[in-house]
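Participant: Next one to model:
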Amino acid sequence: MWRKYECCRRKDVDFLKEKLIELVEKEYLKADLPEFKAGDTVAVHYTVKEGNKTRIQVFEGVVIRITGGSIQKSFTVRKVSSGIGVERIIPINSPLIDKIEVKKIGKVRRAKLYYLRGLSGKAARIKEIRK
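Facilitator: Residues are numbered from 1 along each chain as shown. Okay, here's the model as predicted:
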């Protein structure tokens, strides 16, 4: 008879743990971020520490994917620099991110744009939605 109630208590504890995690995550979520999706061209300003100096570096490229949710949400930005494709995975809620600017809104029908890795030149362009 007591096993029946023990199961319920375990569920209550799990529920309380989830609520506690949500409260802690809410504290670290950033509120001033723009909305963007895969296909958009963004400029990410992030802090780079070199020795005892800190500076802000800008990484501009196309968002290939957005993954995760809540505090673990991250996105991948791809750009071609000197003919070489460079991708960077950036956690959205990272304290190193200063700001994110949406430069262009792209028109794509996919959530993950991995096919851009195999394309180069004009074939790798994405149609832009005019505002």
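Participant: Now do the helices for this structure: every range, in order, please.
Facilitator: 2-28 (DSSP state H).
Participant: any weak-confidence spans in it?
Facilitator: Counting by pLDDT under 70, the chain has low-confidence residues at 1-10, 131.
Participant: would you list every one of the strands in this structure?
Facilitator: Per DSSP state E, the chain carries strands over the ranges 41-50, 53-67, 74-81, 84-91, 97-104.
Participant: May I see the buried residues of stretch 105-121?
Facilitator: By 16 or more other C-beta atoms under 10 Å, the buried positions in stretch 105-121 come out as 105-106, 108, 113, 116. Glycine gets a C-beta too; all of them are placed from N, C-alpha and C.
Participant: Centre of the chain to that stretch, how far?
Facilitator: 16 Å (C-alpha atoms, centre = their mean, to the nearest Å).
Participant: Ok, stretch 58-67 next?
Facilitator: For stretch 58-67, the distance to the chain centre is 8 Å (C-alpha atoms, centre = their mean).
Participant: how long is stretch 90-99 from one end to the other?
Facilitator: Stretch 90-99 has an end-to-end distance of 12 Å (C-alpha to C-alpha, to the nearest Å).
Participant: Use 32 as the first number for this chain going forward.
Facilitator: Sure, I'll start counting at 32 from here, so that last one is stretch 121-130.
Participant: How about residues contacting that stretch?
Facilitator: Stretch 121-130 is touched from outside by 59-61, 63-64, 75-78, 87, 90, 102-108, with contacts defined as C-beta atoms under 8 Å, 6 or more residues apart in numbering.
Participant: what do you get for stretch 95-110?
Facilitator: So stretch 95-110 is contacted by 56, 59-60, 67-69, 73, 75, 90-94, 116-124, 142-145, 147-148 (C-beta under 8 Å, 6+ apart).
Participant: Just the buried subset of these, please.
Facilitator: 67, 69, 73, 75, 92-94, 121, 123-124, 144, 147.
Participant: and the two most separated of the residues you listed?
Facilitator: The two members of the buried ones among the contacts of stretch 95-110 with the most space between them (C-beta to C-beta) are N124 and L147, at 25.3 Å.
Participant: This completes my enquiry, with thanks.
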